[in-house]
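Asker: Turn this into a model:
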Amino acid sequence: MQAMDTRAPSASRSASHGHAHSHGHEHGHAHAHAHAPAAPAAHGDCCGHACETAEPVLPPAAPAALAGYTRYRIASMDCAVEQAEIRAALEPLAGIEALRFDVPQRQLALKAPEAVQAQALAAIRRLGYEPQPWPQDAEQGGAAAAPAGLGAGLSRLIASLLAALGAEALAFFAPDTLPFQIAAMALALAAIALAGLETYKKGLAALRVGRLNINALMAVAVTGAFVIGRWPEAAMVMALYALAELIEARAVDRARHAIQSLLALAPEDAEVLQADGQWRRLPSGEVGLGATVRLKPGERVPLDGRVLRGQSAVDQAPVTGESLPVDKRAGDALYAGTINQTAALEFEVTALAADSTLARIIHAVEEAQSSRAPTQRFVDRFAAIYTPAVFVLALAVAVLMPWLVGWTWMQSVYKALVLLVIACPCALVISTPVTVVSGLAAAARRGILIKGGVYLEEARKLKVVALDKTGTLTEGRPVLTHFELLRPGAELARVQAWAQALASRSDHPVSKAIAQGLSVAVAPEVQGFRAEAGRGVAGQVEGQALVLANHRWIEERGQCSSELEAQMAVHEQAGRSVSLLADVGGVLALCAVADTVKPSSRQAVADLIGLGLTPVMLSGDNPRTAQAIAAQLGITELRANLLPEDKLAAITELQARLGPTAMVGDGINDAPALARADIGFAMGGAGTHTAMEAADVVVMNDDLSRLPETIRLSRRARAVLWQNIALALGIKAAFLLAALFGSATMWMAVFADMGASLLVVFNGLRMLRSPRR
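Answerer: Numbering: from 1, shown residues only. As a prediction, this is how the structure comes out:
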C-alpha cells in the first residue's frame, strides 16, 4: 500500500458578523450589548488653555458619520472637564437625539430639531461658552477651524515667564521703594495677562454659574495672591501653570494621535490607467471606484483594491500586524498603506481614499478613544467631590485658623490660596485617559482594534475564552491530508488522475479539497457525470465506471470490508472525512480530508492557559472531529453539534459557572454568542466593513496569538492606571499636609500639581511601547 501526505497552505479569511454595535460617542443611542458602558464622553487633556496647541485631525470617515448633525465650534472647549460640563447641560433637554464631541477640534456635533438647537445653544452660552457655526472651509478640509499653533502659544509663554522672572528679581534684589514696587507689579500683571487671560475668562464664567473647575481655582488663587501683595509669586504660578499645561497638552496629543501616524503610510498619489490607455499620476483622493492602478515593486499601496494582474509579496504589517509578507495574485485584496515588495501589480480600486481599511481603522480607534473607561468614570466622580471639598477646606482655613491656632489673617489667607492650587484635579483627571488612549493606539498598531476603553480594561477580568472551531482555531476550509492507494499493482499517478477528474466536476467542499490537493498535469475527461446526494459522484473515466463515494455508498455497493473499515476508522478518529474511489471491482484509493489547525492556534491556546484562562471549544461539527482538533490544541473542554442558539446557551452557562467569558468567532453563526459574551472577539476583520463594526475587539488578521496579547495589554493598562492614580493622590495628600502643617508655598504647590500631571502623562505614554513577553 502506498500513501501520500498532502497539506495545502493556509489561506487568510475575512470575518463577517451580525451583531453590529453602535459604538459612537453619542447621547441617547441604543447599544446592542447589555453590558455596554454608560454614555461615553470624549477624552481630552485635563484642563487649561494650553490645549489649544493640539493640531486637529478630522477622522477620515467623520463627514459621512456626521450626516444629519449640525456642527459648532466652541473655541474655549479644550478639555474633557469642559466637554463634560456642556454634555451635562444638554442631556436633560428633551428633543436632543445625539451629541458628538471632538475636543481637539473644539467641535460639537448636535442632532436635534431647530427649536431644540436654539435651546441647546442658549444653555451652552449660560455656561460661559460661545458656540459658532462650523466654518464651511473646515468642512472641506481647510484649516479655518484650527486652533492656535504651538509657536504662538510658546512665544507668549516665554514672554510671560520672562516677565514673571523680572518681577521676582525686582522683589528680591531691588530696594523696597514705590517705583520698584510699581515696576514689579506691572511685570507681574503682564505675565498674568500673557499666560492666564484665557484661564481668567473661563474661571469667571465658571464662578458665575457656581462651578468649581481648575480655571476657577487658579483665578481665585492668583487673584488672592496678588491682592495680599504676593504679586511676583502670583505671576510665576500662572506662568508655570500655563507652561506645564502646554507640555501636558502636547504629551496627551501625542497619545491621542499616535494612531494618526498610520495615515502617512498611504501615498498621496497613484498611477492610474486613463481612457486613452496612458498611465497618469493622480492624487489618491481623486481616484474613483473601479479605476485601475499600477504599483511598482517597493511602492506603498495608495488605495484599497483587488489584484487584476501580477503576483507579488506584500508587507501587510501596518494594517494587520502580520510579521511576514503575504503572497498576492489575481483576485486577492490589497490594503492602502501596505508595501508591495517583489513585482509589479495592477489592481482595481474597491474603496475611496476616505473609506479605506486604514482610514476606517483610524476612525474606529478615534471613536474608541472618545469613550470613557470604567476607571475614568470613577475618577471623574471622585474629582467632582474632591475639588469642592478642598475649596471648602481652604475657605475654612482662611476664616477659622486665626481664631483656632492664632495665625495672622495674612498667613491664613496665604495657606488657603496654597490649598486652592493643590485642589486642582488635573493629575487625577488626566491619569486615566492618557493611559487608555495610549493602550488603544498600541493595540491598533499591532492589528488589534479595541472598540473602547471599557473593553481594554475589562479584558483582564476574563476567566473563560470560548473559541469557535472552524475558521478561528482551524483554517476554515478542508484540505486533502492523505491519499492512500488500496489496490496492489495499480498505478498511483493514473488513479490520482481519475480521482481528480471526478472531484473537479463537483461543487462539494470535500470534492474541491480533493481536486485541489491532487497535482495532475492533464485531467482526463469525465463522461456521464452524475452527483448522488448524500453519497458522492460517479462517471466514466478512460472507459472505467468510477465512483468517488462516502462510506454509506461503498457499503450499499457491497464493497466494504473489515480491513477497509479499520483503515477508515483511523482517519475518522483523527477528525478526517473519508472518500473512497472505487470501480466495479472494488475500492481503488482512500482520500482523507480535514480542516487543518492554524499554525498560531497551539501557542495561543497554551498562552491563554498560562495566563490562567480556561479555553473552551464551541463547534457545529460532529463530536469526533471536534475532539480530534481539541486534542491537537490541548483543549480539554468542548461542545460539539452546536447550532447558533446552542452556542448562545453555552456562553450563558459558562458565564454562570466560571465567570466573565469572551467569545472568539469569525462567522455570522457566531453573532448571537458574540453579542452575549462579556467581550466579543472577531477574527480576520481587515477585509470587511461588517467585521469592523461587529465585535468589541477586531483582530485584523487570523492570528489567534493576538488574543493573549490583548489580555496582557489589558493587565498592563490596569497596572499603569492605578500607578497613576496612586501617584496623583499621593502627591496631593503630601502637599495638602505640608500646606496645613508645614511651610508649603504657592511655588511648591504649582510644581507639585503640574509635576504630578506630567508624571502621570509620561507614565501613561509608556503604553505606546511594545510590551516585553
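
Asker: all helices for the stretch 551-700 of the chain, in order.
Answerer: Along the stretch 551-700 of the chain, counting by DSSP state H, counting those that start in this stretch, helices occupy 551-556, 562-573, 601-610, 623-633, 644-658, 671-676, 689-694.

Asker: do the stretch 201-350 of the chain as well
Answerer: Under DSSP H, counting those that start in this stretch, the stretch 201-350 of the chain gives helices at 214-227, 231-256, 317-320.

Asker: For these, give me JSON lines that also has mean pLDDT.
Answerer: Shown next, in JSON lines, are those (pLDDT from 0 to 100):
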{"stretch": "helix 214-227", "mean pLDDT": "81"}
{"stretch": "helix 231-256", "mean pLDDT": "74"}
{"stretch": "helix 317-320", "mean pLDDT": "70"}
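
Asker: Same list (those) but as JSON lines, adding mean neighbour count and distance to residue 109.
Answerer: C-betas here are computed from N, CA, C, even on glycine. Formatted as JSON lines, the helices of the stretch 201-350 of the chain follow (neighbours: other CB atoms under 10 Å; distance: least, CB to CB, whole Å):
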{"stretch": "helix 214-227", "mean neighbour count": "23", "distance to residue 109": "24"}
{"stretch": "helix 231-256", "mean neighbour count": "25", "distance to residue 109": "18"}
{"stretch": "helix 317-320", "mean neighbour count": "23", "distance to residue 109": "28"}
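
Asker: and residue 186, which of the ones you listed is closest to it?
Answerer: When these are compared by CB to CB, helix 231-256 sits nearest residue 186, at 9.4 Å.

Asker: Quick one: closest of the helices of the stretch 551-700 of the chain to residue 453.
Answerer: helix 689-694 (18.1 Å).

Asker: For the helices of the stretch 201-350 of the chain, give me CSV that also has distance to residue 449.
Answerer: Converted to CSV, those look like this (distance: least, CB to CB, whole Å):
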stretch, distance to residue 449
helix 214-227, 34
helix 231-256, 16
helix 317-320, 10
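
Asker: least reliable of the helices of the stretch 551-700 of the chain going by mean pLDDT?
Answerer: Of all the helices of the stretch 551-700 of the chain, the segment with the smallest mean pLDDT is helix 689-694, scoring a mean of 54.

Asker: thinking again about what came up before, and among the helices of the stretch 551-700 of the chain, the most buried is which?
Answerer: Comparing the helices of the stretch 551-700 of the chain by mean neighbour count (mean count of other CB atoms under 10 Å), helix 671-676 ranks first with a mean of 25.

Asker: before we move on, the earlier item: in JSON lines: the helices of the stretch 551-700 of the chain, plus distance to residue 76.
Answerer: Shown next, in JSON lines, are those (distance: least, CB to CB, whole Å):
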{"stretch": "helix 551-556", "distance to residue 76": "76"}
{"stretch": "helix 562-573", "distance to residue 76": "71"}
{"stretch": "helix 601-610", "distance to residue 76": "48"}
{"stretch": "helix 623-633", "distance to residue 76": "56"}
{"stretch": "helix 644-658", "distance to residue 76": "46"}
{"stretch": "helix 671-676", "distance to residue 76": "41"}
{"stretch": "helix 689-694", "distance to residue 76": "34"}
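
Asker: So what's the gap between the helix ranked longest in the chain and the chain middle?
Answerer: Identified as the longest helix of the chain according to DSSP state H is helix 706-741. Relative to its parent chain, helix 706-741 has a centroid offset of 22 Å by CA atoms, centre = their mean, to the nearest Å.

Asker: Buried residues, it. List them.
Answerer: Neighbour-count burial for helix 706-741 flags 706-718, 720-721, 723-725, 727-729, 731-732, 735-736, 738-739 (criterion: 16 or more other CB atoms under 10 Å).

Asker: Pass me the low-pLDDT residue ranges in the stretch 201-350 of the chain, would you?
Answerer: 248-249, 251-265, 318, 321-324 (pLDDT under 70).

Asker: ok, which stretches of it are strands?
Answerer: All strands of the stretch 201-350 of the chain, identified by DSSP state E, counting those that start in this stretch, fall at 269-273, 279-283, 292-295, 305-309, 312-315, 326-328, 333-334, 339-340, 345-349.

Asker: which secondary structure elements does the last one contact?
Answerer: What it means is strand 345-349. strand 292-295, strand 305-309 (3 or more CB pairs under 8 Å, 6 or more residues apart in numbering; DSSP states H and E).

Asker: what's the answer for the third one, then?
Answerer: Other elements packing on strand 292-295 under the criterion 3+ CB pairs under 8 Å, 6+ apart are strand 269-273, strand 345-349.

Asker: mind listing what the first one pairs with, with the direction of each?
Answerer: Its sheet considered, strand 269-273 pairs with strand 279-283 (antiparallel), strand 292-295 (antiparallel) by DSSP bridges.

Asker: How far away from the center of its chain is that strand?
Answerer: 31 Å.

Asker: what inclination does it have with respect to strand 345-349?
Answerer: 90 degrees (axes from the mean of the first three to the mean of the last three CA atoms, to 10 degrees).

Asker: Could you tell me which residues within strand 269-273 count as buried?
Answerer: 270-273.

Asker: neighbouring contacts of it?
Answerer: Applying CB atoms under 8 Å, 6 or more residues apart in numbering, the external contacts of strand 269-273 come out as 279-284, 287, 291-296, 302-303, 346.

Asker: go with 6 Å
Answerer: 279, 281-284, 287, 291-294, 302 (CB atoms under 6 Å, 6 or more residues apart in numbering).

Asker: Using neighbour counts, trim those to the buried set.
Answerer: Among the contacts of strand 269-273, the ones that count as buried (16+ other CB under 10 Å) are 282, 284, 287, 291-294, 302.

Asker: Can you tell me which of those residues is nearest residue 530?
Answerer: For the buried ones among the contacts of strand 269-273, the nearest to residue 530 is residue 292 (42.4 Å; CB to CB).

Asker: what's the spacing between the spatially closest residue to that closest one that is not a sequence neighbour and residue 279?
Answerer: Setting aside the residues directly before and after it, residue 292 is nearest to residue 273 in space (CB to CB, 6 or more residues apart in numbering), at 4.1 Å. Remark: distance between residue 273 and residue 279 (CB to CB, to the nearest Å) = 6 Å.

Asker: Could you tell me the end-to-end distance of stretch 462-476?
Answerer: 26 Å (CA to CA, to the nearest Å).

Asker: my guess is residue 485 meets residue 493, correct?
Answerer: No. With contacts counted by CB atoms under 6 Å, residue 485 stays clear of residue 493, the gap being 10.2 Å.

Asker: Now do the same contact list for residue 580.
Answerer: 549, 554, 587, 590.

Asker: Any idea what it is bridged to?
Answerer: What pairs with residue 580, by the bridge criterion (DSSP bridges), is residue 549, residue 590.

Asker: Number the residues from 57 up from this point.
Answerer: Understood, numbering begins at 57; the last thing we discussed is residue 636.

Asker: what's the pLDDT at it?
Answerer: At residue 636, pLDDT is 94.

Asker: what does the one 4 residues further on give?
Answerer: We have a pLDDT of 92 for residue 640.

Asker: secondary structure class for the residue nearest to it when sequence neighbours are not counted?
Answerer: Ranked by CB to CB, 6+ apart and with sequence neighbours excluded, the top spatial neighbour of residue 640 is residue 601, at 5.9 Å. Under DSSP: H, G, I helix; E, B strand; the rest coil, the three-state class of residue 601 is strand.

Asker: ok, residue 601 to residue 581 distance?
Answerer: Distance from residue 601 to residue 581, by CB to CB: 14 Å.

Asker: which of the two has more neighbours?
Answerer: A count of neighbours by other CB atoms under 10 Å puts residue 601 above the other of residue 601 and residue 581, at 13 against 10.

Asker: returning to what we had before: just put the helices and strands packed on strand 348-351 in CSV and tack on distance to residue 389.
Answerer: Shown next, in CSV, are the helices and strands packed on strand 348-351 (distance: least, CB to CB, whole Å):
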stretch, distance to residue 389
strand 325-329, 17
strand 401-405, 9
